[in-house]
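Peer 1: need the 3D shape of this:
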Amino acid sequence: MKINFKDTFWLSLNSGIKIFIGLIGSILLTRILGVEIFGKYQYLLSINSIAAIFVLPGINGALINSAARGSDGDFIVARRRRFKWLPVYFLIFIIIGSIAYLKSHEESIILSFSIAAIGGGILLQLNFYTSFLVGRREYKTFFIYDIFNSLTIILVGCSYLIFHNIKGFNLNVNALICISLGYQIIIHSIITYKIKKRILTSEKSADFEKYVNNVSTMSIIGGLQSGMDNYLVGTFISTNELAQYSIAKKMLDSIKCLWSIMQAYLQPRLVKMGMNLAFKGFFQFLKMYFFLIPALILCAFVIPGAINLFYGTEYTKSILYSQLFLLAILVSFPNYYLETFFRAKQYYSDLYIGRIVNVVSLITLFIFLYYYNVYGLIINRIITLLILCIVMTFLFVKKNTDIVVKD
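Peer 2: Just a heads-up that it's a prediction; the model follows:
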C-alpha cells in the first residue's frame, strides 16, 4: 500500500497538535480546577458521550464512504435523519439526570444536565464536516478546522483563570460547560455553512441507509461498552475518583487520536481496494509493533514521574491506572485496521460477531466494578479488547481464505 506523503503529513500534524493541546489542556484544568470540580466537569462530558451513542452514530462513518464515492447528497440526508433522532438524545439525558439527582439530591444537577443536553444536541447536528472532508481526502482543510475545535479545552481553562478571581463572579461547572459547548457550536456552525455551500449535487448512495442502520446498531453496543466506565465511576464511586480515572485514560485517548490518522487515511482507500492488497496492508500495519512495544515500555517508566510533575501528587492514583491502560493499547492495536476494513467493505455480519464480545463485556463490566472498583473496569476492558482482536483477526483471515478458494 503506497503511503501518500502529503496526506499523512497533514493527518500526522493534526493528531500531534491535538495530543499536545489535549495534554496541555488537561494539565491546565486539573491544576486550576482541583480534583472535585475537574471530576464533575468530566462527569458531565461522560453523560454527553453516552447519550450521543444512541443518535445514529454510524452516520459519520457512512459519510466517509459516501464522500469517497462522490455522493454529496448524503450529507443533507444525514442531517435530516439525525435531527429526527434528537428526542432520543434528550430522553437519555432526562433518564440519566434523574438517576443522578435521586442519588445526590443536588438541584444544580438539573441545570447542568439541561445545559449539556441542549448544547450537545446542537453539536450533533453540526459535526458531519469531519467525515465529509476525510472521505474527500481533503486532509489539509480537515487539519485547519479540527485544530480550531481542539482549542476548546484550552479556552475553558483560560476562562476559569480570567473570571474565577473576579469579585462576585462565580465561574462554576455549569459556566465551564457553557463556554466549552458555546465555542464549539460557533466553530462548527461556520464550518458546516462552508461545507453546505460546496454541495452542488443531490446524488445519493443506494446503500447509505443500510450502512447507517447497521453500523449505528453496532456502534451503540461497542460505544456503551467503552463509554460507560466514566459514568459508572462518577455515579457509583465518586467524581473525585473519576478525576483520577480520567487522567489515566488520557494515554488511551492519545492513542485513539493517533488511530484517527489511520482511519482517516485507510477507510477512503479500503472502500475500493481489493482483498489481496488489503490483506498485505494488514501485515504491513502489524510491523508497527516494532515501534509500539518499545514506546509502551518507555511510557511505563515515564508515567509516574510525568503525572507527579504535571498533574501533582493528588493524582498519584492515576499512575497505576495509566500503566494498566498500556496493556489495553498493546492488545487492541491490530483491531484498528480490522474495524476500518470491515466498515469500509460493509461486511456487517462480521462486525456483528465482534459486537457479541462487546455485549458480554458490558454485562461483566458491572461484576468487575462491584468486586474490583476502578481496577475492575480497566481489567474488563483489557480482556474485552484482547478477545475482540482475536475474533476480528480470525474473521479477516477467513475472509481472505474464502476469496482465494473461490478464485
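
Peer 1: which elements pack onto the least confident helix or strand in the chain by mean pLDDT?
Peer 2: Across the helices and strands of the chain, mean pLDDT, DSSP states H and E gives its lowest value to helix 152-163, namely a mean of 73. Packing partners of helix 152-163 (3 or more C-beta pairs under 8 Å, 6 or more residues apart in numbering; DSSP states H and E): helix 5-52, helix 173-198. Quick note: C-beta positions are derived from backbone N, CA and C, even for glycine.

Peer 1: mind putting those into CSV with mean neighbour count?
Peer 2: Formatted as CSV, those follow (neighbours: other C-beta atoms under 10 Å):
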stretch, mean neighbour count
helix 5-52, 19
helix 173-198, 17
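
Peer 1: can you list these in TSV and add mean pLDDT and distance to residue 401?
Peer 2: Listed next are the helices and strands packed on helix 152-163 as TSV, based on pLDDT from 0 to 100; distance: least, C-beta to C-beta, whole Å:
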stretch	mean pLDDT	distance to residue 401
helix 5-52	78	31
helix 173-198	83	41
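
Peer 1: nearest to residue 91, out of those helices?
Peer 2: Residue 91 lies closest to helix 5-52 among the helices and strands packed on helix 152-163, at 8.7 Å (C-beta to C-beta).

Peer 1: picking that back up, tell me which of the helices and strands packed on helix 152-163 lies nearest to residue 214.
Peer 2: helix 5-52 (18.3 Å).

Peer 1: could you give the angle of that closest one to helix 152-163?
Peer 2: For helix 5-52 against helix 152-163, the angle by axes from the mean of the first three to the mean of the last three C-alpha atoms, to 10 degrees is 70 degrees.

Peer 1: right, and the helix or strand after helix 5-52?
Peer 2: Using DSSP states H and E, the helix or strand that follows helix 5-52 towards the C-terminus is helix 58-69.

Peer 1: from residue 243, how far out is the closest residue to residue 312 other than its chain neighbours?
Peer 2: Closest residue in space to residue 312, ignoring its immediate chain neighbours: residue 31 at 6.8 Å, by C-beta to C-beta, 6 or more residues apart in numbering. Residue 31 sits 12 Å away from residue 243 when distances are taken as C-beta to C-beta, to the nearest Å.

Peer 1: need the overlap of contacts for those two.
Peer 2: Common contacts of residue 31 and residue 243 (C-beta atoms under 8 Å, 6 or more residues apart in numbering): none found.

Peer 1: now the helices and strands packed on helix 152-163 as TSV including distance to residue 127?
Peer 2: Shown next, in TSV, are the helices and strands packed on helix 152-163 (distance: least, C-beta to C-beta, whole Å):
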stretch	distance to residue 127
helix 5-52	9
helix 173-198	6
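
Peer 1: any idea which of those helices gets closest to residue 333?
Peer 2: Among these, the nearest to residue 333 by C-beta to C-beta is helix 5-52 (15.5 Å).

Peer 1: identify each buried residue in the least confident helix or strand of the chain, please.
Peer 2: For helix 152-163, burial by neighbour count (16 or more other C-beta atoms under 10 Å) applies to 152, 153, 155, 156, 157, 159, 160.

Peer 1: remind me which residues of the stretch 51-200 of the chain are low pLDDT?
Peer 2: In the prediction, the stretch 51-200 of the chain carries residues with pLDDT under 70 at positions 161, 164-171, 200.

Peer 1: where does residue 106 sit: helix, strand or coil?
Peer 2: coil (DSSP: H, G, I helix; E, B strand; the rest coil).

Peer 1: quick check: phi and psi at it.
Peer 2: Torsion angles at residue 106 (phi, psi; degrees, to the nearest 10) stand at phi -100, psi 120.

Peer 1: measure it to residue 195 for me?
Peer 2: On the measure of C-beta to C-beta, residue 106 and residue 195 end up 40 Å apart.

Peer 1: quick check: residue 220 touching residue 57?
Peer 2: Yes: with contact defined as C-beta atoms under 8 Å, residue 220 reaches residue 57; the gap is 6.8 Å.

Peer 1: quick check: neighbours shared by these two?
Peer 2: Counting by C-beta under 8 Å, 6+ apart, nothing touches both residue 220 and residue 57.

Peer 1: could you say what helices and strands the helix or strand harbouring residue 392 packs with?
Peer 2: For residue 392, the host element (DSSP H and E) is helix 348-406. Here helix 348-406 touches helix 208-232, helix 239-270, helix 275-286, helix 317-344, going by 3+ C-beta pairs under 8 Å, 6+ apart.

Peer 1: kindly reformat these as JSON lines containing distance to residue 354.
Peer 2: Supplementary listing: these in JSON lines, determined by distance: least, C-beta to C-beta, whole Å:
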{"stretch": "helix 208-232", "distance to residue 354": "8"}
{"stretch": "helix 239-270", "distance to residue 354": "16"}
{"stretch": "helix 275-286", "distance to residue 354": "16"}
{"stretch": "helix 317-344", "distance to residue 354": "8"}
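
Peer 1: for residue 74, which of those is the nearest?
Peer 2: Between these, helix 208-232 lies closest to residue 74; by C-beta to C-beta that is 4.9 Å.

Peer 1: output the contacting helices and strands for that closest one.
Peer 2: Contacts defined by 3+ C-beta pairs under 8 Å, 6+ apart place helix 208-232 against helix 5-52, helix 58-69, helix 73-104, helix 239-270, helix 348-406.

Peer 1: buried sites along it?
Peer 2: Counting neighbours by 16+ other C-beta under 10 Å, helix 208-232 gives 208, 211-212, 214-226, 228-232 as buried.

Peer 1: now the least confident helix or strand of the chain, how far from the chain's geometric center?
Peer 2: Taking C-alpha atoms, centre = their mean, to the nearest Å, one finds helix 152-163 lying 23 Å from the centre of the chain it belongs to.

Peer 1: dump it to CSV, restricted to CA.
Peer 2: C-alpha atoms of helix 152-163 as CSV (Å, rounded to 0.1, in the frame of the first residue of the first chain):
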residue,chain,number,x,y,z
THR,A,152,-11.8,24.2,23.4
ILE,A,153,-10.1,22.7,26.4
ILE,A,154,-7.5,25.5,26.5
LEU,A,155,-10.3,28.1,26.3
VAL,A,156,-12.2,26.5,29.2
GLY,A,157,-9.0,26.6,31.4
CYS,A,158,-8.1,30.2,30.4
SER,A,159,-11.7,31.4,31.0
TYR,A,160,-11.6,30.0,34.5
LEU,A,161,-8.3,31.7,35.2
ILE,A,162,-9.6,35.1,33.9
PHE,A,163,-13.0,35.1,35.6
